[in-house]
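J.: Compute the structure for the input listed below.
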Amino acid sequence: MLMNRKTPAASNAIEPHEINYMKRFTLTLMCACIAPLAFAQSPSPEGSAAATSSTETTTSSNEATTSSSETASGTVTTHNRKTIVIKEHDNPVSYVLGKTVHYVDKTGKEIDRHVIQPGKRVILHYTGTGEHRRVERVEVQD
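T.: Predicted structure coming up:
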């Protein structure tokens, strides 16, 4: 009795529906691997045009508001490793310095933090509100 037996050569053959399945699977896997790279953003250095091009609105109190950080300008009254106090319109305002504060001059060049002395005019780039204002960048104006 002969039954429908496949020959050894025929049993190793790949059927057309299996080929389509493998193509779809491979294509899906490749897309899943490439998708994170397509949506990734490269970090932009602070102070570059890309970092400061967010919408800024200057208010009457010399503070500019951006979507992620704010700026405040004034004259330094005290400065130490953890805090900086500046005088804004005759009102002293205290800010906490972040762990990675960048001290720069008005051209954006990095400077030593010891340059910050009482009486210097500065612009602070900070995040947060109230007692939780954390300075990320101190820009010396003079």
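
J.: What are the buried residues along the longest strand along the chain?
T.: If you go by DSSP state E, the chain has its longest strand at strand 91-105. Under the neighbour-count criterion of 16 or more other C-beta atoms under 10 Å, strand 91-105 has Tyr95, Leu97, Val101, His102, Tyr103, Val104 buried. Every C-beta, even on glycine, is put in place using the N, C-alpha and C of the backbone.

J.: same check, this time on stretch 79-87
T.: In stretch 79-87, counting by 16+ other C-beta under 10 Å, buried: His79, Ile84, Val85, Ile86.

J.: who are the neighbours in contact with the first one?
T.: With C-beta atoms under 8 Å, 6 or more residues apart in numbering as the criterion, the residues that contact His79 are Val85, Ile116, Gln117, Pro118.

J.: Kindly list the longest helix within this structure.
T.: Longest helix in the chain by number of residues (criterion: DSSP state H): helix 16-39.

J.: pull the CA atoms of that helix into CSV?
T.: Only the C-alpha atoms of helix 16-39 are listed here, as CSV (Å, rounded to 0.1, in the frame of the first residue of the first chain):
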residue,chain,number,x,y,z
PRO,A,16,5.5,29.9,-0.8
HIS,A,17,3.4,30.9,2.2
GLU,A,18,6.3,30.2,4.5
ILE,A,19,8.5,32.5,2.4
ASN,A,20,6.0,35.3,2.7
TYR,A,21,5.7,34.8,6.5
MET,A,22,9.5,35.0,6.8
LYS,A,23,9.7,38.2,4.7
ARG,A,24,7.0,39.8,6.8
PHE,A,25,8.6,38.7,10.1
THR,A,26,12.1,40.0,9.0
LEU,A,27,10.7,43.3,7.8
THR,A,28,8.8,43.8,11.1
LEU,A,29,11.9,42.9,13.1
MET,A,30,14.0,45.4,11.1
CYS,A,31,11.4,48.2,11.5
ALA,A,32,11.3,47.5,15.3
CYS,A,33,15.0,47.8,15.5
ILE,A,34,15.3,51.0,13.4
ALA,A,35,12.3,52.9,14.9
PRO,A,36,14.1,54.0,18.1
LEU,A,37,16.9,55.5,16.0
ALA,A,38,14.5,57.4,13.8
PHE,A,39,12.9,59.2,16.8
